[in-house]
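[1] how would this look folded up:
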Amino acid sequence: MKKLLLVISMLIFAMLMTACGGSSKSVFTEPGAIGKIMGELQNKDGLKGQELKVFQDITIVSGKDYGGNFISINILKPGTKEDVDHYEYRNGSWSGPSAVKITGSGNMEDNLIALQALNMDKIPEMYKAFQEKVSDKKDVKVKESLVYRFWKGDWTVMMDAESDREAYSAEFDLNGKMIDFKKR
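    The predicted model follows:
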């Protein structure tokens, strides 16, 4: 009886551990994984119920070296006009906020975009499109990493693929359409 209770307790504990925390599924291959993770960010104290505005670049990586999914993002602190906070997602949970030191004399509003406008749910589609584009290249693999990049007033998504002998890059618009592909 004690053994049975122990086994049941261990199973319940394992199920709870699996259900808690963030998604361990790759945001590059699993539709909905990025939505779950970003939903956790939007529910953090100080951010819940606010429209989140992203400041400049976002880095997203998936892999064992990063504890699954890794996201680095800067958010304009709600209720302020120039205070930016940094958040990181690693090992299934968000850390932050930590203050970001802003330099330069540009207009803050020109460097912001609403989180919802990034259409992050398109990540698996972009990843798949890039895989298809390099499928005829010998041993070329698309990396499970990308950057939402703000450059010269435009937001795009940058991804890379490589083998031991070749390297390629792809650029996507925020709707997931590939707008540039080149060998590096």
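
[2] Which strand or helix spans the residue nearest in space to the middle of the chain?
    Centroid-nearest residue in the chain: Ile60, 3.8 Å away (criterion: Cα atoms, centre = their mean). Here Ile60 sits within strand 58-63, counting by DSSP states H and E.

[3] Report the buried residues of that strand.
    Ile58, Ile60, Val61, Ser62 (16 or more other Cβ atoms under 10 Å). Every C-beta, even on glycine, is put in place using the N, C-alpha and C of the backbone.

[4] Specify the beta-bridge partners of the residue nearest to the centre of the chain.
    Per DSSP bridges, the residues bridged to Ile60 are Ile71, Leu146.

[5] Let the chain start at 234 from now.
    Sounds good: first residue 234 from here, last item Ile293.

[6] check contacts around it.
    Ile293 sits next to Val260, Ile267, Asn302, Phe303, Ile304, Ile356, Ser378, Leu379, Val380, Tyr381 when contact means Cβ atoms under 8 Å, 6 or more residues apart in numbering.

[7] Can you read off the pLDDT for Met234?
    Listed pLDDT for Met234 reads 44.

[8] likewise Glu273?
    pLDDT at Glu273 comes out at 97.

[9] contacting residues around the one helix or strand it maps to?
    Remark: Glu273 resides in helix 266-275, with elements defined by DSSP H and E. Helix 266-275 has contacts (Cβ under 8 Å, 6+ apart) with 255-256, 258-260, 280-281, 285, 293, 302, 304, 306, 320, 322, 326-327, 348, 353-354, 356.

[10] Among the residues you listed, name the ones in strands.
    Among the contacts of helix 266-275, the ones falling in strands (DSSP state E) are Ile293, Asn302, Ile304, Ile306, Tyr320, Tyr322, Ser326, Trp327.
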